[in-house]
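S.K.: Structural data only, the sequence is not supplied:
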Ligand SMILES: [Zn+2]
(Lines give C-alpha, C1' and ligand atoms only; values in the text may rest on other atoms or scores of the structure.)
Protein backbone atom coordinates (compact mmCIF):
# COMPACT_ATOMS: atom_id res chain seq x y z
CA UNK A 1 0.00 0.00 0.00
CA UNK A 2 2.98 2.27 0.07
CA UNK A 3 3.45 2.72 -3.63
CA UNK A 4 1.20 4.54 -6.01
CA UNK A 5 1.82 1.59 -8.29
CA UNK A 6 -0.26 -0.53 -5.99
CA UNK A 7 -3.03 1.97 -5.50
CA UNK A 8 -6.44 0.82 -6.61
CA UNK A 9 -7.01 3.89 -8.71
CA UNK A 10 -6.99 4.31 -12.45
CA UNK A 11 -3.89 4.50 -14.59
CA UNK A 12 -4.66 8.08 -15.63
CA UNK A 13 -4.79 9.15 -12.02
CA UNK A 14 -1.57 7.28 -11.34
CA UNK A 15 0.26 9.04 -14.16
CA UNK A 16 -1.03 12.39 -13.03
CA UNK A 17 0.03 11.73 -9.45
CA UNK A 18 3.51 10.91 -10.72
CA UNK A 19 3.54 14.20 -12.61
CA UNK A 20 2.58 15.92 -9.37
CA UNK A 21 5.74 14.51 -7.79
CA UNK A 22 8.11 15.92 -10.36
CA UNK A 23 10.61 18.58 -9.44
CA UNK A 24 9.19 22.00 -10.30
CA UNK A 25 10.75 23.65 -13.33
CA UNK A 26 12.48 26.96 -12.90
CA UNK A 27 10.85 29.69 -14.99
CA UNK A 28 12.96 31.65 -17.45
CA UNK A 29 14.46 34.92 -16.31
CA UNK A 30 12.63 38.11 -17.08
CA UNK A 31 9.23 36.57 -17.76
CA UNK A 32 6.12 38.62 -17.55
CA UNK A 33 7.72 42.06 -17.42
CA UNK A 34 5.66 43.53 -20.20
CA UNK A 35 3.52 40.81 -21.71
CA UNK A 36 0.76 38.93 -20.01
CA UNK A 37 1.01 37.53 -16.52
CA UNK A 38 2.70 34.46 -15.18
CA UNK A 39 0.09 33.08 -12.83
CA UNK A 40 0.58 29.34 -12.48
CA UNK A 41 -2.33 27.19 -13.54
CA UNK A 42 -2.66 23.43 -13.51
CA UNK A 43 -4.03 22.11 -16.77
CA UNK A 44 -7.05 19.94 -16.06
CA UNK A 45 -7.16 16.49 -17.50
CA UNK A 46 -10.66 15.59 -18.53
CA UNK A 47 -12.91 16.41 -21.43
CA UNK A 48 -16.61 16.40 -20.96
CA UNK A 49 -19.27 18.44 -22.63
CA UNK A 50 -21.42 21.19 -21.27
CA UNK A 51 -22.76 23.28 -24.08
CA UNK A 52 -25.41 25.26 -22.27
CA UNK A 53 -25.51 28.86 -23.41
CA UNK A 54 -24.78 31.70 -21.05
CA UNK A 55 -22.05 34.10 -20.17
CA UNK A 56 -18.48 33.75 -21.31
CA UNK A 57 -15.22 32.95 -19.66
CA UNK A 58 -13.05 30.31 -18.12
CA UNK A 59 -13.00 29.42 -14.44
CA UNK A 60 -11.49 26.86 -12.10
CA UNK A 61 -14.53 25.70 -10.12
CA UNK A 62 -12.37 23.82 -7.59
CA UNK A 63 -10.72 26.99 -6.35
CA UNK A 64 -13.73 29.30 -6.09
CA UNK A 65 -14.36 31.03 -2.79
CA UNK A 66 -17.64 30.47 -0.98
CA UNK A 67 -20.34 32.71 -2.44
CA UNK A 68 -20.73 35.86 -0.36
CA UNK A 69 -17.21 35.72 1.08
CA UNK A 70 -15.45 38.78 2.39
CA UNK A 71 -11.81 38.40 1.38
CA UNK A 72 -9.25 40.14 3.53
CA UNK A 73 -6.55 41.79 1.41
CA UNK A 74 -3.28 43.25 2.62
CA UNK A 75 -0.52 45.15 0.81
CA UNK A 76 2.99 43.99 1.57
CA UNK A 77 4.59 46.98 -0.15
CA UNK A 78 3.85 49.97 -2.37
CA UNK A 79 3.15 53.67 -1.97
CA UNK A 80 -0.19 54.71 -0.40
CA UNK A 81 -1.20 56.40 -3.66
CA UNK A 82 -0.52 53.28 -5.69
CA UNK A 83 -2.34 51.12 -3.12
CA UNK A 84 -5.43 53.35 -3.34
CA UNK A 85 -5.57 52.94 -7.10
CA UNK A 86 -5.25 49.16 -6.85
CA UNK A 87 -8.10 49.11 -4.31
CA UNK A 88 -10.45 51.15 -6.47
CA UNK A 89 -9.81 49.04 -9.58
CA UNK A 90 -10.12 45.73 -7.70
CA UNK A 91 -13.46 46.78 -6.26
CA UNK A 92 -14.99 46.93 -9.74
CA UNK A 93 -15.43 43.15 -9.41
CA UNK A 94 -17.65 43.71 -6.32
CA UNK A 95 -20.28 45.36 -8.50
CA UNK A 96 -20.86 42.06 -10.27
CA UNK A 97 -19.69 39.28 -7.93
CA UNK A 98 -21.15 38.58 -4.51
CA UNK A 99 -17.72 39.06 -2.93
CA UNK A 100 -16.15 41.83 -0.87
CA UNK A 101 -12.51 42.83 -0.73
CA UNK A 102 -11.75 44.10 2.77
CA UNK A 103 -8.39 45.88 2.67
CA UNK A 104 -6.70 45.54 6.05
CA UNK A 105 -3.31 46.39 7.51
CA UNK A 106 -2.88 43.55 9.97
CA UNK A 107 -4.18 40.15 10.97
CA UNK A 108 -4.76 37.02 8.93
CA UNK A 109 -5.50 37.67 5.28
CA UNK A 110 -6.72 35.78 2.22
CA UNK A 111 -4.88 37.77 -0.44
CA UNK A 112 -1.50 39.50 -0.04
CA UNK A 113 -0.48 41.98 -2.69
CA UNK A 114 3.11 42.93 -3.40
CA UNK A 115 3.72 46.13 -5.35
CA UNK A 116 7.26 46.03 -6.63
CA UNK A 117 9.39 47.20 -9.54
CA UNK A 118 10.04 43.63 -10.59
CA UNK A 119 8.58 40.13 -10.51
CA UNK A 120 6.00 40.55 -13.26
CA UNK A 121 2.26 40.32 -12.72
CA UNK A 122 0.80 37.18 -11.22
CA UNK A 123 -1.71 35.85 -8.73
CA UNK A 124 -2.73 32.62 -7.09
CA UNK A 125 -5.95 31.21 -8.55
CA UNK A 126 -8.83 31.68 -6.10
CA UNK A 127 -8.56 29.63 -2.91
CA UNK A 128 -5.12 28.30 -3.83
CA UNK A 129 -4.08 31.41 -1.91
CA UNK A 130 -5.39 29.79 1.29
CA UNK A 131 -2.55 27.26 1.21
CA UNK A 132 0.11 29.99 1.16
CA UNK A 133 1.90 31.00 4.36
CA UNK A 134 0.63 34.25 5.87
CA UNK A 135 3.93 36.09 5.35
CA UNK A 136 4.11 35.19 1.65
CA UNK A 137 2.54 37.22 -1.17
CA UNK A 138 -0.26 35.73 -3.25
CA UNK A 139 -0.23 38.45 -5.92
CA UNK A 140 2.51 40.54 -7.49
CA UNK A 141 2.40 43.70 -9.56
CA UNK A 142 5.38 45.13 -11.41
CA UNK A 143 4.70 48.85 -11.16
CA UNK A 144 7.19 49.68 -13.93
CA UNK A 145 4.32 48.62 -16.20
CA UNK A 146 1.94 51.12 -14.58
CA UNK A 147 3.06 54.24 -16.44
CA UNK A 148 -0.21 54.27 -18.36
CA UNK A 149 -3.56 54.34 -16.57
CA UNK A 150 -4.98 51.75 -18.97
CA UNK A 151 -2.13 49.33 -18.26
CA UNK A 152 -2.61 49.58 -14.52
CA UNK A 153 -6.39 49.29 -14.74
CA UNK A 154 -6.42 46.19 -16.94
CA UNK A 155 -3.62 44.51 -14.98
CA UNK A 156 -5.29 44.99 -11.60
CA UNK A 157 -8.62 43.72 -12.93
CA UNK A 158 -6.88 40.74 -14.55
CA UNK A 159 -4.94 39.65 -11.47
CA UNK A 160 -7.92 40.09 -9.15
CA UNK A 161 -9.85 38.05 -11.73
CA UNK A 162 -7.38 35.22 -11.07
CA UNK A 163 -7.74 35.82 -7.34
CA UNK A 164 -11.47 35.07 -7.53
CA UNK A 165 -10.93 31.92 -9.61
CA UNK A 166 -10.84 33.02 -13.25
CA UNK A 167 -8.40 31.54 -15.79
CA UNK A 168 -6.86 32.86 -18.96
CA UNK A 169 -9.57 33.17 -21.58
CA UNK A 170 -7.22 32.19 -24.41
CA UNK A 171 -7.01 28.70 -22.79
CA UNK A 172 -10.63 28.15 -23.80
CA UNK A 173 -11.02 25.00 -25.90
CA UNK A 174 -13.44 27.10 -27.95
CA UNK A 175 -10.86 29.80 -28.72
CA UNK A 176 -9.36 27.98 -31.69
CA UNK A 177 -6.61 30.58 -32.09
CA UNK A 178 -4.56 29.61 -35.17
CA UNK A 179 -1.19 30.29 -33.57
CA UNK A 180 1.93 30.70 -35.64
CA UNK A 181 3.80 28.95 -32.84
CA UNK A 182 7.35 29.14 -34.18
CA UNK A 183 7.17 32.92 -34.50
CA UNK A 184 5.61 33.31 -31.03
CA UNK A 185 8.37 31.20 -29.46
CA UNK A 186 11.02 33.27 -31.23
CA UNK A 187 9.60 36.70 -30.42
CA UNK A 188 8.77 36.00 -26.77
CA UNK A 189 12.22 34.51 -26.27
CA UNK A 190 13.71 37.75 -27.55
CA UNK A 191 11.37 40.25 -25.86
CA UNK A 192 10.54 38.44 -22.60
CA UNK A 193 13.22 35.81 -22.18
CA UNK A 194 10.53 33.13 -22.18
CA UNK A 195 11.60 29.60 -22.98
CA UNK A 196 9.39 27.23 -24.96
CA UNK A 197 7.78 25.75 -21.86
CA UNK A 198 6.87 29.17 -20.50
CA UNK A 199 5.22 30.10 -23.80
CA UNK A 200 3.38 26.77 -23.86
CA UNK A 201 2.11 27.28 -20.32
CA UNK A 202 1.15 30.92 -20.72
CA UNK A 203 -0.31 30.88 -24.20
CA UNK A 204 -0.93 27.48 -25.73
CA UNK A 205 -2.62 25.55 -22.91
CA UNK A 206 -6.08 24.30 -23.69
CA UNK A 207 -8.51 23.53 -20.91
CA UNK A 208 -11.34 21.01 -20.83
CA UNK A 209 -14.77 22.27 -21.78
CA UNK A 210 -16.04 21.87 -18.23
CA UNK A 211 -13.86 24.83 -17.30
CA UNK A 212 -15.83 27.13 -19.56
CA UNK A 213 -18.73 26.87 -17.09
CA UNK A 214 -20.92 26.42 -20.16
CA UNK A 215 -19.80 29.68 -21.68
CA UNK A 216 -18.58 30.66 -25.10
CA UNK A 217 -15.20 32.12 -26.01
CA UNK A 218 -14.85 35.84 -25.32
CA UNK A 219 -12.00 37.65 -27.04
CA UNK A 220 -12.95 40.87 -25.19
CA UNK A 221 -12.44 39.30 -21.73
CA UNK A 222 -10.10 41.03 -19.30
CA UNK A 223 -8.61 37.54 -18.84
CA UNK A 224 -7.44 37.33 -22.48
CA UNK A 225 -3.86 38.13 -23.44
CA UNK A 226 -3.34 40.35 -26.46
CA UNK A 227 -2.58 38.45 -29.65
CA UNK A 228 -0.58 40.10 -32.44
CA UNK A 229 -1.86 39.53 -35.97
CA UNK A 230 1.48 38.17 -37.11
CA UNK A 231 1.32 35.54 -34.35
CA UNK A 232 -1.54 33.79 -36.09
CA UNK A 233 -1.70 32.14 -39.47
CA UNK A 234 -4.90 34.02 -40.40
CA UNK A 235 -4.12 37.48 -39.06
CA UNK A 236 -6.51 36.90 -36.14
CA UNK A 237 -5.65 39.46 -33.45
CA UNK A 238 -6.79 40.47 -29.97
CA UNK A 239 -5.93 43.93 -28.61
CA UNK A 240 -5.19 44.75 -24.99
CA UNK A 241 -8.58 44.57 -23.27
CA UNK A 242 -8.75 47.38 -20.72
CA UNK A 243 -12.22 46.86 -19.19
CA UNK A 244 -14.37 44.07 -17.81
CA UNK A 245 -16.30 42.65 -20.75
CA UNK A 246 -20.02 41.90 -20.67
CA UNK A 247 -19.01 38.23 -20.56
CA UNK A 248 -16.73 38.77 -17.56
CA UNK A 249 -19.56 40.43 -15.65
CA UNK A 250 -22.06 37.70 -16.51
CA UNK A 251 -19.63 34.96 -15.55
CA UNK A 252 -18.83 36.28 -12.08
CA UNK A 253 -22.51 37.05 -11.52
CA UNK A 254 -23.22 33.34 -12.18
CA UNK A 255 -20.29 32.14 -10.05
CA UNK A 256 -21.01 34.47 -7.15
CA UNK A 257 -24.73 35.26 -7.42
CA UNK A 258 -26.08 38.05 -5.23
CA UNK A 259 -29.05 36.73 -3.29
CA UNK A 260 -28.79 33.21 -4.64
CA UNK A 261 -26.71 30.08 -4.70
CA UNK A 262 -24.18 28.91 -7.27
CA UNK A 263 -25.92 26.61 -9.74
CA UNK A 264 -23.24 23.92 -9.92
CA UNK A 265 -20.77 22.86 -7.26
CA UNK A 266 -17.71 20.66 -7.15
CA UNK A 267 -15.70 19.66 -4.06
CA UNK A 268 -13.91 22.82 -2.92
CA UNK A 269 -11.50 21.72 -0.21
CA UNK A 270 -8.87 23.87 1.46
CA UNK A 271 -5.92 22.76 3.57
CA UNK A 272 -5.06 25.36 6.21
CA UNK A 273 -2.80 25.70 9.24
CA UNK A 274 -0.18 23.23 8.04
CA UNK A 275 2.55 23.73 10.60
CA UNK A 276 4.98 20.83 10.32
CA UNK A 277 5.42 17.15 9.64
CA UNK A 278 7.18 15.03 12.23
CA UNK A 279 9.21 12.14 10.80
CA UNK A 280 9.75 9.33 13.31
CA UNK A 281 11.98 6.30 12.77
CA UNK A 282 10.43 3.12 14.11
CA UNK A 283 12.77 0.19 14.70
CA UNK A 284 9.80 -1.86 15.80
CA UNK A 285 7.84 -1.26 12.59
CA UNK A 286 10.97 -1.11 10.42
CA UNK A 287 9.91 2.07 8.73
CA UNK A 288 9.11 5.76 8.94
CA UNK A 289 6.06 7.18 10.67
CA UNK A 290 4.95 10.53 9.29
CA UNK A 291 2.73 12.99 11.16
CA UNK A 292 1.71 16.03 9.11
CA UNK A 293 -0.18 18.64 11.11
CA UNK A 294 -2.95 20.50 9.26
CA UNK A 295 -6.64 21.31 9.02
CA UNK A 296 -8.87 20.69 6.04
CA UNK A 297 -12.07 22.63 5.37
CA UNK A 298 -14.54 21.10 2.95
CA UNK A 299 -17.18 22.97 0.93
CA UNK A 300 -19.14 22.64 -2.30
CA UNK A 301 -19.71 18.91 -2.80
CA UNK A 302 -18.41 15.68 -1.21
CA UNK A 303 -15.04 14.57 -2.56
CA UNK A 304 -12.10 12.18 -2.39
CA UNK A 305 -8.78 13.37 -0.97
CA UNK A 306 -5.37 11.70 -1.01
CA UNK A 307 -3.07 12.76 1.82
CA UNK A 308 0.34 11.81 0.48
CA UNK A 309 4.01 12.03 1.32
CA UNK A 310 6.50 12.03 -1.55
CA UNK A 311 10.21 11.39 -1.08
CA UNK A 312 13.06 13.28 -2.77
CA UNK A 313 16.82 13.01 -2.74
CA UNK A 314 19.10 15.76 -1.46
CA UNK A 315 19.02 17.47 -4.87
CA UNK A 316 15.23 17.53 -4.84
CA UNK A 317 14.67 14.81 -7.45
CA UNK A 318 11.88 12.33 -6.71
CA UNK A 319 13.11 8.98 -5.44
CA UNK A 320 12.01 6.36 -7.89
CA UNK A 321 11.29 2.75 -7.10
CA UNK A 322 14.19 0.54 -8.18
CA UNK A 323 12.26 -2.67 -7.95
CA UNK A 324 11.76 -4.00 -11.49
CA UNK A 325 8.71 -5.95 -10.57
CA UNK A 326 6.84 -2.72 -9.91
CA UNK A 327 7.59 -0.20 -12.63
CA UNK A 328 10.47 1.89 -13.92
CA UNK A 329 8.81 5.26 -13.54
CA UNK A 330 7.43 4.62 -10.09
CA UNK A 331 7.65 7.51 -7.68
CA UNK A 332 8.05 6.39 -4.07
CA UNK A 333 5.24 7.71 -1.90
CA UNK A 334 2.80 6.72 0.78
CA UNK A 335 -0.78 7.87 1.15
CA UNK A 336 -4.13 7.62 2.84
CA UNK A 337 -7.34 8.34 1.00
CA UNK A 338 -10.67 9.51 2.36
CA UNK A 339 -14.06 10.46 1.03
CA UNK A 340 -14.93 13.69 2.81
CA UNK A 341 -18.33 15.30 3.22
CA UNK A 342 -18.79 18.97 2.32
CA UNK A 343 -19.19 21.56 5.03
CA UNK A 344 -16.75 20.20 7.62
CA UNK A 345 -13.47 21.22 9.17
CA UNK A 346 -11.20 18.34 10.17
CA UNK A 347 -7.82 18.42 11.81
CA UNK A 348 -4.83 16.09 11.72
CA UNK A 349 -2.24 15.95 14.51
CA UNK A 350 -3.60 19.12 16.11
CA UNK A 351 -5.51 17.87 19.16
CA UNK A 352 -3.24 14.86 19.61
CA UNK A 353 0.28 14.77 18.14
CA UNK A 354 -0.21 11.33 16.55
CA UNK A 355 -3.89 11.03 15.58
CA UNK A 356 -3.11 10.92 11.86
CA UNK A 357 -0.26 8.67 10.74
CA UNK A 358 1.28 7.77 7.41
CA UNK A 359 3.79 4.94 7.17
CA UNK A 360 6.43 3.69 4.75
CA UNK A 361 8.59 0.62 5.44
CA UNK A 362 12.34 0.93 4.95
CA UNK A 363 12.09 -1.86 2.40
CA UNK A 364 10.11 0.47 0.14
CA UNK A 365 12.64 3.31 0.34
CA UNK A 366 15.46 2.47 -2.08
CA UNK A 367 18.15 4.64 -0.46
CA UNK A 368 21.27 3.83 1.55
CA UNK A 369 21.20 3.92 5.34
CA UNK A 370 22.23 7.38 6.46
CA UNK A 371 21.12 9.02 3.20
CA UNK A 372 19.84 12.56 3.57
CA UNK A 373 16.41 12.77 1.98
CA UNK A 374 13.38 15.04 1.92
CA UNK A 375 9.72 14.31 2.53
CA UNK A 376 6.97 16.53 1.12
CA UNK A 377 3.36 16.37 2.28
CA UNK A 378 0.83 16.90 -0.49
CA UNK A 379 -2.95 16.87 -0.32
CA UNK A 380 -4.60 16.06 -3.63
CA UNK A 381 -8.29 16.21 -4.46
CA UNK A 382 -9.44 13.55 -6.92
CA UNK A 383 -12.79 14.21 -8.63
CA UNK A 384 -13.42 11.79 -11.46
CA UNK A 385 -10.32 12.10 -13.61
CA UNK A 386 -9.53 15.54 -12.22
CA UNK A 387 -6.65 16.00 -9.83
CA UNK A 388 -6.35 19.25 -7.95
CA UNK A 389 -3.40 20.07 -5.75
CA UNK A 390 -4.74 21.31 -2.43
CA UNK A 391 -1.46 21.70 -0.62
CA UNK A 392 2.24 21.00 -1.00
CA UNK A 393 4.46 21.48 2.04
CA UNK A 394 8.00 22.73 2.19
CA UNK A 395 10.39 19.74 2.27
CA UNK A 396 11.21 18.12 5.62
CA UNK A 397 14.90 17.11 5.63
CA UNK A 398 16.00 14.01 7.52
CA UNK A 399 18.48 11.15 7.48
CA UNK A 400 17.41 7.57 7.02
CA UNK A 401 18.47 5.66 10.13
CA UNK A 402 17.57 2.00 10.02
ZN1 LIG B 1 -3.08 36.05 -16.01
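M.R.: Structure's in. What do you need? Just so we're clear, the structure is a prediction, and the values are computed from it rather than from any experiment.
S.K.: For residue 348, which non-adjacent residue is spatially closest?
M.R.: Of all residues not flanking residue 348 in the chain, residue 356 sits nearest, at 3.6 Å (Cβ to Cβ, 6 or more residues apart in numbering). Backbone N, C-alpha and C define where each C-beta goes, glycine included.
S.K.: Report the secondary structure state of the one you found.
M.R.: When the structure is split into helix, strand and coil by DSSP: H, G, I helix; E, B strand; the rest coil, residue 356 lands in coil.
S.K.: For it, grab the count of nearby residues.
M.R.: Other residues near residue 356 come to 18 when the count uses other Cβ atoms under 10 Å.
S.K.: ranges for the strands of the stretch 201-350 of the chain?
M.R.: Assigned by DSSP state E, counting those that start in this stretch, the stretch 201-350 of the chain shows strands spanning 267-282, 287-300, 303-312, 333-340, 345-348.
S.K.: export those strands to TSV and tack on mean pLDDT, mean neighbour count and distance to the ion?
M.R.: Rendered in TSV, the data for the strands of the stretch 201-350 of the chain read as follows (pLDDT from 0 to 100; neighbours: other Cβ atoms under 10 Å; distance: least, Cβ to the ion, whole Å):
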stretch	mean pLDDT	mean neighbour count	distance to the ion
strand 267-282	94	18	21
strand 287-300	96	20	24
strand 303-312	92	22	27
strand 333-340	91	18	31
strand 345-348	96	16	31
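S.K.: Quick one: closest of those strands to residue 198.
M.R.: Taking Cβ to Cβ as the criterion, strand 303-312 is the member of the strands of the stretch 201-350 of the chain that comes nearest to residue 198, at 23.6 Å.
S.K.: can you map out the helices along this protein?
M.R.: Ranges of helices within the chain are 11-21, 80-90, 149-163, 181-192, 196-199, 246-255, based on DSSP state H.
S.K.: Which among those is found nearest to the ion?
M.R.: Each of these was checked against the ion via Cβ to the ion, and the shortest separation belongs to helix 149-163, namely 5.5 Å.
S.K.: now what about that closest one, what contacts it?
M.R.: By Cβ atoms under 8 Å, 6 or more residues apart in numbering, the residues outside helix 149-163 that reach it are 37, 39, 71, 85-86, 89-90, 92-93, 101, 111, 121-126, 129, 138-139, 141, 145-146, 222-223, 240-244, 248.
S.K.: Give me the buried subset of those residues.
M.R.: Neighbour-count burial (16 or more other Cβ atoms under 10 Å) is assigned, among the contacts of helix 149-163, to 37, 39, 71, 85-86, 89-90, 92-93, 101, 111, 121-126, 129, 138-139, 141, 145-146, 222-223, 241, 244, 248.
S.K.: so how far is residue 298 from the residue of the chain found nearest the ion?
M.R.: In the chain, no residue comes nearer to the ion than residue 37, which is 3.4 Å away by Cβ to the ion. Using Cβ to Cβ, to the nearest Å, residue 37 is found at 30 Å from residue 298.
S.K.: With residue 316 instead?
M.R.: Counting by Cβ to Cβ, the separation of residue 316 from residue 298 is 31 Å.
S.K.: quick one: residue 249 and residue 96 touch, right?
M.R.: Yes: taking Cβ atoms under 8 Å as the contact criterion, residue 249 and residue 96 are neighbours in contact, 4.4 Å apart.
S.K.: contacting residues for the residue nearest to residue 348?
M.R.: With contacts taken as Cβ under 8 Å, 6+ apart, residue 356 has the following neighbours: 291-292, 307, 336, 348-349.
S.K.: Would you convert these into CSV that also reports distance to residue 176?
M.R.: Compiled in CSV, the contacts of residue 356 are given as follows (distance: Cβ to Cβ, whole Å):
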residue, distance to residue 176
291, 50
292, 44
307, 40
336, 43
348, 45
349, 49
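S.K.: Quickly name whichever of these is closest to residue 201.
M.R.: For residue 201, the nearest member of the contacts of residue 356 is residue 307. The distance, counting by Cβ to Cβ, is 27.4 Å.
S.K.: residues in contact with the closest one?
M.R.: The contact partners of residue 307, by Cβ under 8 Å, 6+ apart, come to 292, 335-338, 348, 356, 358, 377, 379.
S.K.: switch the cut-off to 7 Å
M.R.: Under the criterion of Cβ atoms under 7 Å, 6 or more residues apart in numbering, the contact list for residue 307 reads 335-336, 358, 379.
S.K.: so it bridges to which residues?
M.R.: With beta bridges defined as DSSP bridges, residue 307 has these partners: residue 336, residue 379.
S.K.: Give me the neighbour count for residue 397.
M.R.: Residues within reach of residue 397, counting by other Cβ under 10 Å, total 12.
S.K.: Also the one 3 residues further on?
M.R.: The number of residues packed around residue 400, counting by other Cβ under 10 Å, is 17.
S.K.: Same check on residue 376?
M.R.: Other residues within reach of residue 376, judged by other Cβ under 10 Å, total 20.
S.K.: if I look at residue 193, how far off is residue 313?
M.R.: As it turns out, when the distance is counted by Cβ to Cβ, residue 193 lies 30 Å from residue 313.
S.K.: quick one: contacts for the nearest residue to residue 267 once chain neighbours are set aside?
M.R.: Counting by Cβ to Cβ, 6+ apart, residue 267 lies nearest to residue 303, which is 2.6 Å off, once chain neighbours are set aside. When contacts are counted by Cβ under 7 Å, 6+ apart, residue 303 is found next to 267, 269, 340, 381, 383.
S.K.: at 8 Å instead, please
M.R.: 266-267, 269, 339-340, 342, 381-383.
S.K.: What of residue 375?
M.R.: Neighbouring residues of residue 375 by Cβ under 8 Å, 6+ apart: 277, 279, 288, 290, 309-312, 395-396, 398.
S.K.: Residue 234 is in contact with residue 178, isn't it?
M.R.: Yes: counting by Cβ under 8 Å, a contact exists between residue 234 and residue 178, whose distance comes to 5.1 Å.
S.K.: Most distant residue from the centre of this protein?
M.R.: Centroid-distance maximum for the chain: residue 284 at 39.4 Å, with Cα atoms, centre = their mean.
S.K.: before we move on, the earlier item: ranking the helices of the chain by mean pLDDT, which is last?
M.R.: Note on the helices of the chain: lowest mean pLDDT is at helix 11-21, with a mean of 46.
S.K.: how about low-confidence regions in the stretch 51-200 of the chain?
M.R.: Low-confidence segments of the stretch 51-200 of the chain, defined by pLDDT under 70, are located at 51-57.
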